[in-house]
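only geometry, no sequence info:
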Ligand SMILES: Nc1ncnc2c1ncn2[C@@H]1O[C@H](COP(=O)(O)OP(=O)(O)OP(=O)(O)O)[C@@H](O)[C@H]1O
């Protein structure tokens, strides 16, 4: 059974269709790279998949739970949003202890796990004991990542997880993502940094104007780009996210769709 499955998932804000009838299946234990230009609908999709926003139409199941059932969904998922919720007046340790408490985790085991992750991400205990208000963007991001994974979720949603990280920390984070997937977590990763996707994603979906215009392995998408020779995922992305390519994909989908009778 897929870890994430959506059927006709749609969100409309007034006359703006942010996400248009998304049908998606993501296998358990894989990393899914979710790409798209600014305003394509990625954050809105993630907010629906994490139960924060109600779909206008359609449905989604994550870790076997309807996303509208927030109480059952919460313990199964972790979400690192673009602007992570951290209390500036708290230290990283206070923040993470608080997050562990909200999730009913054993305090000592949670602290041990947090220390291990923080040390891998090069945030030493002396920094973890100082106020988040004094942190750099990258330090905040490290704490937010630890907060999102402290409870060992089945499905992890990451929005620009390497944002603000220095190259060493960004590499560590890529390794942590790959390790999580190896241990069975499904990772839904949205980022504009395509080399990160190339490094860790098993499959990629490209969203354009609320529509999924392409899906496949990074290598598939590179080959699908028209000129044939070895190309980068960036080339494929640029080629697939234009109005013309979108119109062509829509025509192809409606030709492929089964007709009644
Ligand atoms: N709360 C809201 N109210 C009205 N419109 C919204 C709201 N949230 C998103 N939108 C609109 O929905 C569309 C998709 O936005 P969304 O933030 O999901 O895109 P995105 O792919 O995450 O973009 P980015 O890469 O810039 O973060 C945009 O047109 C945006 O203006």
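Structure received. These numbers come from a predicted model, not from an experiment.

Pop out the phi and psi values for residue 28.
When read as degrees, to the nearest 10, the backbone of residue 28 gives phi -60, psi 140.

need the contact list for the residue nearest to it when sequence neighbours are not counted.
Once flanking residues are discounted, residue 28 sits nearest to residue 3: 4.0 Å by CB to CB, 6 or more residues apart in numbering. For every residue, glycine as well, the C-beta is placed using N, CA and C. With contact taken as CB atoms under 8 Å, 6 or more residues apart in numbering, residue 3 is in contact with 26-30, 62-63, 154-155, 186.

tell me which parts of the stretch 101-250 of the chain are close to the ligand?
By CB under 6 Å from any ligand atom, no residue of the stretch 101-250 of the chain approaches the ligand.

Low-confidence regions, the stretch 101-250 of the chain specifically.
225-230 (pLDDT under 70).

would you list every one of the strands in it?
In the stretch 101-250 of the chain, strands defined by DSSP state E, counting those that start in this stretch lie at 155-159, 186-190, 203-208, 211-216, listed in chain order.

Partner strands of the last one, with direction?
Using DSSP bridges, the strands paired with strand 211-216 in its sheet are strand 203-208 (antiparallel).

report the angle between the axes of the partner strand and strand 186-190?
With axes from the mean of the first three to the mean of the last three CA atoms, to 10 degrees defining the directions, strand 203-208 sits at 40 degrees from strand 186-190.

what's the biggest helix by length in the chain packed up against?
Criterion DSSP state H: the longest helix present in the chain is helix 167-182. On a contact count with 3 or more CB pairs under 8 Å, 6 or more residues apart in numbering; DSSP states H and E, helix 167-182 meets strand 31-35, helix 107-120, helix 137-149, strand 186-190, helix 194-200.

Dihedrals phi and psi, residue 96?
According to degrees, to the nearest 10, residue 96 has phi -70, psi -30.

what about the closest residue to it other than its chain neighbours, distance to the ligand?
Nearest non-adjacent residue to residue 96, counting by CB to CB, 6+ apart: residue 114, 4.6 Å away. Counting by CB to the nearest ligand atom, to the nearest Å, the gap from residue 114 to the ligand is 28 Å.

Who are the contact partners of residue 114?
Residue 114 neighbours (CB under 8 Å, 6+ apart): 93, 96, 100, 128, 146, 150.

mind running it again at 10 Å?
92-93, 95-97, 99-100, 105, 123, 128, 143, 146-147, 149-150 (CB atoms under 10 Å, 6 or more residues apart in numbering).

What of residue 212?
Taking CB under 10 Å, 6+ apart as the test, what residue 212 contacts is 6, 19-24, 34, 36, 40-41, 45, 205-206, 249, 253.

Buried residues in the longest helix of the chain, which are they?
169-170, 172-174, 176-177, 180-181 (16 or more other CB atoms under 10 Å).

hmm, back to that, can you say which of the helices and strands packed on helix 167-182 is nearest to residue 224?
strand 31-35 (13.8 Å; CB to CB).

chain center to that closest one, what's the gap?
Relative to the chain's own centre, strand 31-35 is displaced by 7 Å; criterion: CA atoms, centre = their mean, to the nearest Å.

how close does residue 182 sit to residue 120?
15 Å (CB to CB, to the nearest Å).

Kindly indicate whether residue 48 is helix, strand or coil.
At residue 48 the chain is in helix, as set by DSSP: H, G, I helix; E, B strand; the rest coil.

give me the number of residues near residue 25?
When neighbours are counted by other CB atoms under 10 Å, residue 25 registers 15.

do the same with residue 119
Counted with other CB under 10 Å, residue 119 comes out at 12.

That one against residue 128, yeah?
Yes: look at residue 119 against residue 128 with CB atoms under 10 Å: they come within range, at 9.2 Å.

residues contacting the spatially closest residue to residue 127 that is not a sequence neighbour?
Residue nearest to residue 127 in three dimensions, not counting chain neighbours: residue 139, with 6.7 Å by CB to CB, 6+ apart. Residue 139 sits next to 92, 118, 121-123, 127-128, 130, 132, 164-165, 169 when contact means CB under 10 Å, 6+ apart.

Mind doing that once more with 8 Å?
Counting by CB under 8 Å, 6+ apart, residue 139 has contacts 92, 123, 127.
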